[in-house]
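K.L.:
no sequence for this one, just the structure:
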């Protein structure tokens, strides 16, 4: 019996061996490659990069593989690796206005400079399991499937074929003429994630662009060739457009103070907005989704509109002290969401829209939107709003949004607690014994029932 | 000890000068001066929005004034500007020499802590460390406010509205404060419960020589408890004086209206 | 230094520093530790890093140990008093792998002891460091959930609320019903959570010749009790602090006045009590001490 407490070392070794075996699965099925994960499970990779706060597609794919697809475990692996990386400095703020846009939609304006660019999206797909995906095994077959789907359900963009869906993957190409010509969305080699080539891939062509007045379901969908020849013109951010008229609060001025860094300093309260945004950007998608959702359902309602969601590549550069200028390091994919929220104005300020902001690695619209909603509700004090709901509670939100922290502490309940439990066991036995003794002492003359005084 | 203090007739306990509070551009109250002596009960009356609750928050240091000062004669006899107190001194004052009875008991009590614990908290905060003594003192106070000692280990969630208010009073008075703030302590209670509570307050005020600042919209409460009265409207004091004088012979048309509406009711 | 296998073409080899953490991080943690020692019982915020074990599984203790560990140190890791529980094994092997330091199960041979939930029975000596893993460093947390408020309460030594909790225990249960993580006052100033050690171990913290360090990774706090510091468990004059006492001695080594684990032997109520501190028990057995069940299992059950 006592053996159960002993022999931990061998048991652990065996458990880990079993885990490795289970991770591999059926040995007669080929092992999954990192290229397959980065290519075909790219949104999982995005999530691991975002919440792991480490932009490296391949390491994220490795983490997913090692974690058997458990994304929180994968995020945890990414974080633990990130911890060990040397830090050279902080990049110059990225300019999302100069983003090479692959998707850009606004819910506040039907049309706007640069247009609505649907890009690769699940929006408007019918969520029907596609049995063809269960058996298809190659790009050609996938493309055929895509075309079939398109013709069968004209308004339903098909699932992207293999590859990263560089816009091109989603082209419905109604006339199908250039279909064979569309270059397979060649996922550039693994080093792309670290240093992206700066030239615009021609597959940009595939973006679905909607022209004025058509809305999302408009019939006249411009695709491929046309757009390719007219590379996206300037695509100003919706908030900048509103800002020109003074309709929306200006973005906070950059006073040059470097923001505090959540990963280098302990979080302390009250937290300023840069710190809050950092925490939210790393925060758990599900948690933020639920909080954002709660604000929509009336728990600190902020009347949000999605001013704009844009997804694409931005350039990252580092200011090199010795050179005196910023050196481009490469590109990363990010999703940005700017919400436009109500504000009634005050004695000193005319009514004006306010902002909520979300920015995450990869294509994670749900996360970016949730982040924007929560960011906005956390600003209640600054905007003189009443505090009434969890999503406004900075300590509540920031202390619980990190899933690596949360999962660790919840799961630590699996660890032995013999000692503490023994202490409780001892106390409760003693108290029960005293209780029994007391009852016995009173038992002879007092009946059981009226012993307890009437409550209330 | 409090009796000694009341024997100094000319030294005021609490003095406010030129108090004003603005919330952004909105006026809370302005130009308020007042002097309160030990053992004196001052009622602040007015409609909601008149600034009376703001004034109470300023006097009790819960809000910082936009202009003006509040000073208080500490137990050592020294008059101190409350804005200049350290946070530690302020807290000590709040939990020893002052009391605050709230309209909503949930804001003045720990609802998950037993009645005895609620009363004992202030004693423990000032260093009492003998369980039996704390318990005895708490029990004495529960009796004083007419709460049966059998209920001592129950938490206030199981108490009626009137009992909760009486518990609040016991919790506040256990450290023998010299000054108690009360914010609509009887509103929301049944008339008979109200009468019993007012009776208890009056009796305790006399017994302990308490100075009280009570905010109420109910002129009957003011008449029953207070020596002096201040009538507020739109953030200013428009009339003040001895309670009987003001209520029997109001000078301001607004006060007249208030008084007549009570009489009519 | 350890290199983990490279996994895919073009990926850089992954290497780790001595004891996993990079030197800058260690310096940051050491600064926090120094501050913690200078203000006994005060919780010093530090920039806790993600570690390769989950939060709540000892990341705070591991970071503190990593920051103070030198190549010549001898490390002992216990969990629930035992060197052989799963988490202790995992953490010990982590430092064996990343730092290559010598490890031991002998309390007296160790220079650094990392622990979860116990203090060894053998008295610690000057020069030893004991590192506690802490899940919730804030002793006031369950009375007041807001960090901003608890910080203020500590700053003002406003500990009435903690006493109210103890009062409520006695009023409702007749006892102070806190049996582990029992709050203490350190050097007459800060009220501190001793981590979830049983209150049995609280007296060992008082005036200890060893340096006691506490690390909370998820909550990002480090605190300390310097050697020879007064550590008092909170109580009432008429309900003084008392530790658990066990009715019988250890069934394997016969030790009295030690903390025992209850081991259930069968489904008919058979149980035995044995030392929670396995090193202490093994040392005593080696010295020839015996208990009621020193004989092989299955014989002589009570």
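P.N.:
Good, I have the coordinates. If you're wondering where the values come from, they're calculated on a predicted model, not measured in any experiment.

K.L.:
Tell me the pLDDT of the spatially most central residue of chain A.
P.N.:
Centroid-nearest residue in chain A, with CA atoms, centre = their mean: residue A:367, separated by 3.9 Å. Residue A:367 is assigned 97 on the pLDDT scale.

K.L.:
just residue A:448 next, same as before
P.N.:
47.

K.L.:
Next: residue A:214.
P.N.:
On the pLDDT scale, residue A:214 gets 31.

K.L.:
Could you list which residues are in contact with the closest residue to residue B:251 other than its chain neighbours?
P.N.:
Among residues not flanking residue B:251 along the chain, residue B:239 sits closest, at 6.1 Å (CB to CB, 6 or more residues apart in numbering or on different chains). Where C-beta positions appear, they are placed from N, C-alpha and C, glycine not excepted. Residues counted as contacts of residue B:239 (CB atoms under 8 Å, 6 or more residues apart in numbering or on different chains) are B:230, B:231, B:246, B:250, B:251, B:252, B:254, B:255.

K.L.:
so which of those residues would you say is closest to chain C?
P.N.:
residue B:230 (33.3 Å; CB to the nearest CB).

K.L.:
hmm, back to that, what kind of secondary structure is the residue nearest to residue B:251 in?
P.N.:
strand (DSSP: H, G, I helix; E, B strand; the rest coil).

K.L.:
Tell me where chain C has helices.
P.N.:
C:23-38, C:59-68, C:86-99, C:147-155, C:160-173, C:202-205, C:278-286 (DSSP state H).

K.L.:
anything in the second one sitting right up against chain A?
P.N.:
Yes. Helix C:59-68 comes into contact with chain A when judged by CB under 8 Å from any CB of the partner chain, the residues involved being residue C:59.

K.L.:
Write out the residues of the stretch 351-456 of chain A neighbouring chain C.
P.N.:
A:395, A:399, A:404-405, A:407-412, A:415-420, A:422-427, A:430-431, A:434.

K.L.:
out of these, which are buried?
P.N.:
Taking 16 or more other CB atoms under 10 Å in any protein chain shown as the criterion, what is buried in these is A:395, A:399, A:404-405, A:407-409, A:412, A:415-420, A:422-423, A:426-427.

K.L.:
Please narrow these to those residing in helices.
P.N.:
Going by DSSP H, the helices hold A:395, A:399, A:404-405, A:407-409, A:418-420, A:422-423, A:426-427 from those.

K.L.:
could I get these as a markdown table with pLDDT?
P.N.:
Putting those into a markdown table (pLDDT from 0 to 100) gives the following:
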| residue | pLDDT |
| --- | --- |
| A:395 | 94 |
| A:399 | 94 |
| A:404 | 94 |
| A:405 | 93 |
| A:407 | 94 |
| A:408 | 92 |
| A:409 | 92 |
| A:418 | 86 |
| A:419 | 87 |
| A:420 | 88 |
| A:422 | 89 |
| A:423 | 89 |
| A:426 | 89 |
| A:427 | 89 |
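
K.L.:
and whatever residue of chain B ends up closest to chain A, how many neighbours?
P.N.:
Relative to chain A, the nearest point of chain B is residue B:25 (3.6 Å; CB to the nearest CB). Residue B:25 has 8 neighbouring residues, counting by other CB atoms under 10 Å in any protein chain shown.

K.L.:
so what's it scoring on pLDDT?
P.N.:
For residue B:25, the model assigns a pLDDT of 80.

K.L.:
any idea how far it is from residue B:47?
P.N.:
Per CB to CB, to the nearest Å, residue B:25 is found 21 Å from residue B:47.

K.L.:
what does residue C:226 give?
P.N.:
On the measure of CB to CB, residue C:226 and residue B:47 end up 61 Å apart.

K.L.:
Likewise for residue B:117?
P.N.:
38 Å.

K.L.:
next one: residue A:61
P.N.:
Using CB to CB, we find residue A:61 at a distance of 68 Å from residue B:47.

K.L.:
try residue C:124
P.N.:
69 Å.

K.L.:
and the helix or strand containing residue A:18, is it in reach of chain C?
P.N.:
If you go by DSSP states H and E, residue A:18 is part of helix A:8-24. Yes. Against chain C, helix A:8-24 shows contacts by CB under 8 Å from any CB at A:8, A:9, A:11, A:12.

K.L.:
Can I get these in TSV including distance to chain B?
P.N.:
TSV is the format used below for the residues of helix A:8-24 next to chain C (distance: CB to the nearest CB, whole Å):
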residue	distance to chain B
A:8	40
A:9	45
A:11	43
A:12	42
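
K.L.:
returning to that earlier point: neighbour-wise, which of residue C:124 and residue B:47 wins?
P.N.:
Using other CB under 10 Å, the more surrounded residue of residue C:124 and residue B:47 is residue C:124, with 22 against 13.

K.L.:
Which residue is the nearest non-sequential neighbour of residue B:187?
P.N.:
Nearest one to residue B:187, counting by CB to CB, 6+ apart, is residue B:103 at 6.1 Å.

K.L.:
related to what we said a few turns ago, and the residues of helix A:8-24 next to chain C, which is closest to residue C:184?
P.N.:
residue A:8 (30.5 Å; CB to CB).

K.L.:
so that closest one makes contact with residue C:88?
P.N.:
Yes. Contact criterion CB atoms under 8 Å: residue A:8 and residue C:88 qualify, at 7.4 Å.

K.L.:
more crowded one of the two?
P.N.:
residue C:88 (26 against 20).

K.L.:
so where's the longest helix in chain B?
P.N.:
From DSSP H, the single longest helix across chain B is helix B:191-208.

K.L.:
next helix or strand past it?
P.N.:
Next along from helix B:191-208, by DSSP H and E: strand B:211-216.

K.L.:
what sits up against the following helix or strand past that following strand?
P.N.:
Downstream of strand B:211-216, the first helix or strand assigned by DSSP H and E is helix B:219-225. Residues outside helix B:219-225 that contact it (CB under 8 Å, 6+ apart): B:41, B:43, B:45, B:186, B:198, B:201-202, B:205, B:212, B:214, B:216, B:229, B:243-244, B:247, B:258-259, B:262.

K.L.:
ok, now stretch A:340-358?
P.N.:
Contacts of stretch A:340-358 (CB under 8 Å, 6+ apart): A:108, A:238-239, A:242, A:246-249, A:251, A:277, A:280-281, A:302-307, A:335-339, A:367-377, A:379, A:383-384, B:24-26.

K.L.:
Which parts of the stretch 51-200 of chain A are helices?
P.N.:
A:57-66, A:71-82, A:131-135, A:139-152 (DSSP state H, counting those that start in this stretch).

K.L.:
returning to that earlier point: generate a ChimeraX selection restricted to the buried subset of the contacts of stretch A:340-358.
P.N.:
Buried residues within the contacts of stretch A:340-358, by 16+ other CB under 10 Å, are selected in ChimeraX with:
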select /A:108,238,239,242,248,249,277,280,281,302,304,305,306,307,335,336,337,338,339,367,368,369,370,371,372,373,374,375,376,377,379,383
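
K.L.:
Enumerate every residue touching residue B:250.
P.N.:
Taking CB under 8 Å, 6+ apart, one finds B:231, B:239, B:256, B:258, B:259 in contact with residue B:250.

K.L.:
Now restrict those residues to buried residues only.
P.N.:
Buried among the contacts of residue B:250 (16+ other CB under 10 Å): B:231, B:239, B:258, B:259.

K.L.:
what about the first one, helix or strand, and which?
P.N.:
Counting by DSSP H and E, the element that carries residue B:231 is strand B:228-233.
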